[in-house]
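**Student:** Give me a 3D structure for the following:
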Amino acid sequence: MSMSSLGNKSRWPVWLCWLAMVLDGFDLVVLGTVIPTLIKSHELGFDAIGATFAATISLVGVGLGALFISPLSDRFGRRNLLVASVTWFSIFTIAVVFAPNVAWFSTFRLLAGLGLGACLPAALAYMNDYAPAGTAGKSTTRTMTGYHAGAIATAFLAIMVIPSWRTMFVVGGLAGFALVPFLWFKLPETLPPVHHADNAPEEERARFRDLGRRPYPLIAAGVAVASFMGLLLVYGLNTWLPQLMASAGYSLNAGLALLLVLNVGAVVGLLIAGVLADRHGTKRIVLLWFGLSAVFLAALSIQIQNEVVLYAAVFVTGVFVFSSQVLVYAWVSQLFPARLRGTALGFAAGVGRLGAILGPAVTGALVAAGIAYPWGFYVFAAAAVLAVLALAFVPQTIAVTSRTGAGVGQS
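**Tutor:** Sure thing, here's the model as predicted:
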């Protein structure tokens with residue numbers, strides 16, 4: 001990230017926010033890696049219904065954290081919220097190890113999700129506060145490579161330790177605890193500074209209402225639909241891809257390997273998408289990316305016999321699907337003024353989490369009905385098409401209304 005003007009100290013925010021996203025990446029795929037083992041062994045009383053409930057309630061927690069806790073970063077500071085949210089997540093991730101049954105397992109996942117849901121919007125708002133003008137796309141997408149680096153590392157870990165599923169949560173919780181002191185001592189408070197005087201209290205209390213004031217309602221609606229569809233894809237695929245591939249006749253290890261390949265593609269896609277978005281305009285690239293996602297997701301509904309072609313198809317799907325959602329976040333960061341950035345990102349992520357809940361729930365229902373392959377991929381392709389339609393109505397020139405200069409003109 002081009003932050004040399006901020007001095008060596010600026011490297012800490014870059015890496016610490018990236019590592020916070022690694023924890024989010026762990027949370028993204030950890031259930032997908034342990035669900036097949038829990039269903040097969042019936043440990044803690046798990047079956048397909050219990051696994052679907054656990055996956056769903058986890059995402060409820062993440063959605064609540066994004067929607068109601070992350071906006072506090074606009075009021076109390078990004079650093080404070082990041083420290084608190086990572087600490088909270090780590091405590092309840094470790095607690096999962098001691099769950100005696102499905103109900104407690106799900107409760108601890110719900111509570112852990114509150115911390116993770118607040119973490120992502122706060123970290124992205126932090127990085128966009130620091131990003132030089134005209135680099136919001138790269139700032140967001142490069143930070144979010146941590147999300148998929150965490151997913152890749154988790155898939156690797158699962159290949160090594162599964163069926164020892166508790167190890168997955170021990171490692172995730174300890175990683176969070178290791179990050180907390182660095183966040184506390186090395187992360188300076190973000191720009192712009194928190195306001196304490198004049199009319200700041202009124203501004204802070206009105207922030208969610210501000211999203212309903214001109215010129216923001218159309219943006220908020222389009223972004224909400226696109227984020228809903230984008231996270232439906234991200235979580236639906238990462239939670240159930242191993243099981244979908246098992247339904248198609250592939251082995252569990254092959255499914256885990258494809259999950260890993262999917263997220264490697266995501267990292268490559270993020271690096272490409274951010275550069276193109278800053279160069280050609282975020283709207284143009286996000287529409288193209290969602291459109292190509294629909295094409296490749298539909299293609300995965302065709303049984304692929306050649307292993308090399310299968311892995312290549314999953315890789316390319318990962319390139320487009322996951323960076324599509326991150327480009328939505330990048331666009332939100334550009335369109336809203338700095339004082340509303342945390343709230344707007346929290347709104348996009350929070351509403352989007354409803355899609356994250358629906359994706360695994362719908363796919364889980366298809367798995368239970370025995371028709372997940374190929375119908376799961378048809379559902380995913382349709383979601384990508386709906387995202388294209390929603391974003392097509394978001395105006396391209398709204399950034400010029402930003403009084404703080406937070407918006408970046410679309411080219």
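**Student:** Could you export stretch 347-360 as CSV, CA atoms only?
**Tutor:** What follows is stretch 347-360, C-alpha atoms only, in CSV (Å, rounded to 0.1, in the frame of the first residue of the first chain):
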residue,chain,number,x,y,z
PHE,A,347,-24.7,-1.2,7.4
ALA,A,348,-23.4,-2.8,4.2
ALA,A,349,-21.8,-5.7,6.1
GLY,A,350,-24.7,-6.0,8.5
VAL,A,351,-27.4,-6.2,5.9
GLY,A,352,-25.1,-8.4,3.8
ARG,A,353,-24.9,-10.8,6.7
LEU,A,354,-28.5,-11.6,6.1
GLY,A,355,-27.3,-13.0,2.8
ALA,A,356,-24.5,-14.8,4.6
ILE,A,357,-27.2,-16.4,6.8
LEU,A,358,-29.4,-17.3,3.9
GLY,A,359,-26.6,-18.8,1.7
PRO,A,360,-25.6,-21.6,4.1
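**Student:** where along the stretch 151-300 of the chain do the helices fall?
**Tutor:** Assigned by DSSP state H, counting those that start in this stretch, the stretch 151-300 of the chain shows helices spanning 165-186, 200-205, 207-210, 216-247, 252-280, 282-299.
**Student:** Could you list the low-confidence segments of the protein?
**Tutor:** Across the chain, the ranges flagged by pLDDT under 70 are 1-10, 74, 77, 130-134, 136, 189-215, 250-253, 338, 395-411.
**Student:** And the helices of the stretch 151-300 of the chain: which comes nearest residue 336?
**Tutor:** Closest approach to residue 336 among those (Cβ to Cβ): helix 216-247, 7.4 Å. C-betas here are computed from N, CA, C, even on glycine.
**Student:** Next, format the helices of the stretch 151-300 of the chain as a markdown table and append distance to residue 122 and mean neighbour count.
**Tutor:** A markdown table is the format used below for these (distance: least, Cβ to Cβ, whole Å; neighbours: other Cβ atoms under 10 Å):
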| stretch | distance to residue 122 | mean neighbour count |
| --- | --- | --- |
| helix 165-186 | 11 | 18 |
| helix 200-205 | 15 | 12 |
| helix 207-210 | 14 | 14 |
| helix 216-247 | 16 | 24 |
| helix 252-280 | 19 | 22 |
| helix 282-299 | 21 | 22 |
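**Student:** With distance to residue 321 added, can I get those in TSV?
**Tutor:** Converted to TSV, those look like this (distance: least, Cβ to Cβ, whole Å):
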stretch	distance to residue 321
helix 165-186	23
helix 200-205	36
helix 207-210	29
helix 216-247	5
helix 252-280	7
helix 282-299	5
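**Student:** So which of the ones you listed is nearest residue 380?
**Tutor:** Closest to residue 380 of those, according to Cβ to Cβ: helix 282-299, at 4.4 Å.
**Student:** which outside residues touch the closest one?
**Tutor:** Contact partners of helix 282-299, identified using Cβ atoms under 8 Å, 6 or more residues apart in numbering, comprise 136-137, 226, 229-230, 233, 269, 273, 276-277, 313, 316-317, 320-321, 323-324, 327-328, 330-331, 334, 377-378, 380-382, 384-385, 387-388, 391-392, 394, 396, 410.
**Student:** List buried members of those by neighbour count.
**Tutor:** Listed as buried from the contacts of helix 282-299 are 136-137, 226, 229-230, 233, 269, 273, 276-277, 313, 316-317, 320-321, 323-324, 327-328, 330-331, 334, 377, 380-381, 384-385, 387-388, 391, 394, 410; burial here means 16 or more other Cβ atoms under 10 Å.
**Student:** Filter the residues you listed down to just the ones in helices.
**Tutor:** The helices, defined by DSSP state H, take in 136-137, 226, 229-230, 233, 269, 273, 276-277, 313, 316-317, 320-321, 323-324, 327-328, 330-331, 334, 377, 380-381, 384-385, 387-388, 391 from the buried ones among the contacts of helix 282-299.
**Student:** rewinding a little: so which of the helices of the stretch 151-300 of the chain is nearest residue 99?
**Tutor:** Short answer: helix 165-186, nearest of the helices of the stretch 151-300 of the chain by Cβ to Cβ, at 9.1 Å.
**Student:** which strands and helices sit next to that closest one?
**Tutor:** Contact partners of helix 165-186 among helices and strands, from 3 or more Cβ pairs under 8 Å, 6 or more residues apart in numbering; DSSP states H and E: helix 11-41, helix 78-96, helix 136-161.
**Student:** Now distance to residue 113 too, for the ones you listed, in CSV please.
**Tutor:** Below are the helices and strands packed on helix 165-186 laid out as CSV (distance: least, Cβ to Cβ, whole Å):
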stretch, distance to residue 113
helix 11-41, 8
helix 78-96, 8
helix 136-161, 15
